[in-house]
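*Asks:* structure, please.
(2 chains)
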Amino acid sequence: DGGITQSPKYLFRKEGQNVTLSCEQNLNHDAMYWYRQDPGQGLRLIYYSQIVNDFQKGDIAEGYSVSREKKESFPLTVTSAQKNPTAFYLCASSLAHTMGIDTEAFFGQGTRLTVV
Amino acid sequence: ILNVEQSPQSLHVQEGDSTNFTCSFPSSNFYALHWYRWETAKSPEALFVMTLNGDEKKKGRISATLNTKEGYSYLYIKGSQPEDSATYLCAPRPGNNRKLIWGLGTSLAVNP
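*Replies:* Take a look at the predicted model:
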């Protein structure tokens, strides 16, 4: 079945360590997104990519990095520079957004990262 | 920053009740509005993508309307069922921006 897969579901890391969250999709979508959810806040965009080998910062990109070497994959690295990394992270994908056409996003089940 | 407000924040209804929620957003520079349902321990799932003023969309017992001139959208659930229990998120997309701006959601609990 087509879908978007995030792994792992739960992740624990020590403070100061970088950690990479995986996101894979087999929907043949050009666009992929990383969001962060914190209590009392709406989903906030970290990074997004409209096409392979290209990505843009979202609203809260500081302390994060991404790569888009393959269409199917958009891993997110939470670096030690991220001051408050403990959160729930959601990955999404969609058809490329073009003028006149707005399409739904498909989401993974999320990764809950806890930094101790 | 676009201000997106969803009301009510939470709602408890009995099975069979009909209910509705509101998503408010600035009416200027509107491009599209998305509605998603997010059940506990599952992925958010798209309900509707709406772009035109006066749009009305329906999926089973759930429907939505859009008023871009005054900046609001209503989501209606007719005859709520326990499986409708979820958080309902709206996300407008401003015209000059590729990014969705997410509301905090309305949490619906349907008691059997």
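*Asks:* identify the bridge partners of residue 77.
*Replies:* Reading this off chain A. residue A:20, residue A:65 (DSSP bridges).
*Asks:* wait, chain B was what I had in mind.
*Replies:* Partner residues in beta bridges with residue B:77, using DSSP bridges, are residue B:19, residue B:62.
*Asks:* I'd say it and residue B:84 touch.
*Replies:* Yes. Taking contact to mean CB atoms under 8 Å, the distance of 5.7 Å between residue B:77 and residue B:84 places them in contact. From N, CA and C alone the C-beta is placed, and that goes for glycine too.
*Asks:* count of residues packed around residue 81?
*Replies:* Just going to use chain A. Counted with other CB atoms under 10 Å in any protein chain shown, residues neighbouring residue A:81 total 11.
*Asks:* um, chain B though
*Replies:* Applying other CB under 10 Å, we find 12 residues neighbouring residue B:81.
*Asks:* please apply the same query to residue A:85.
*Replies:* The burial metric for residue A:85, expressed as a neighbour count using other CB under 10 Å, is 21.
*Asks:* can you check residue B:61 too?
*Replies:* Residues contacting residue B:61 under the criterion other CB under 10 Å number 13.
*Asks:* same thing with residue B:52?
*Replies:* Counted with other CB under 10 Å, the burial measure for residue B:52 works out to 9 neighbours.
*Asks:* so what touches the helix or strand in which residue A:49 is found?
*Replies:* Using DSSP states H and E, the secondary-structure element containing residue A:49 is strand A:44-51. The set of residues external to strand A:44-51 that reach it, using CB atoms under 8 Å, 6 or more residues apart in numbering or on different chains, is A:30-38, A:55-61, A:64, A:66, A:68, A:74, A:76, A:89, A:96-97, B:98-100, B:102.
*Asks:* could you redo the last one with a cut-off of 7 Å?
*Replies:* The contact list for strand A:44-51 (CB atoms under 7 Å, 6 or more residues apart in numbering or on different chains) reads A:30-36, A:55-61, A:64, A:66, A:68, A:74, A:76, A:96, B:99.
*Asks:* so which bits of chain A are right by chain B?
*Replies:* Of all the residues in chain A, those in contact range of chain B (CB under 7 Å from any CB of the partner chain) are A:42, A:43, A:45, A:58, A:97, A:102, A:103, A:104, A:105, A:107, A:108, A:109.
*Asks:* can you lay out those residues as JSON lines showing pLDDT and secondary structure?
*Replies:* JSON lines is the format used below for these (pLDDT from 0 to 100; DSSP: H, G, I helix; E, B strand; the rest coil):
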{"residue": "A:42", "pLDDT": "89", "secondary structure": "coil"}
{"residue": "A:43", "pLDDT": "94", "secondary structure": "coil"}
{"residue": "A:45", "pLDDT": "95", "secondary structure": "strand"}
{"residue": "A:58", "pLDDT": "94", "secondary structure": "coil"}
{"residue": "A:97", "pLDDT": "67", "secondary structure": "coil"}
{"residue": "A:102", "pLDDT": "82", "secondary structure": "coil"}
{"residue": "A:103", "pLDDT": "87", "secondary structure": "coil"}
{"residue": "A:104", "pLDDT": "92", "secondary structure": "coil"}
{"residue": "A:105", "pLDDT": "93", "secondary structure": "coil"}
{"residue": "A:107", "pLDDT": "96", "secondary structure": "strand"}
{"residue": "A:108", "pLDDT": "96", "secondary structure": "coil"}
{"residue": "A:109", "pLDDT": "95", "secondary structure": "coil"}
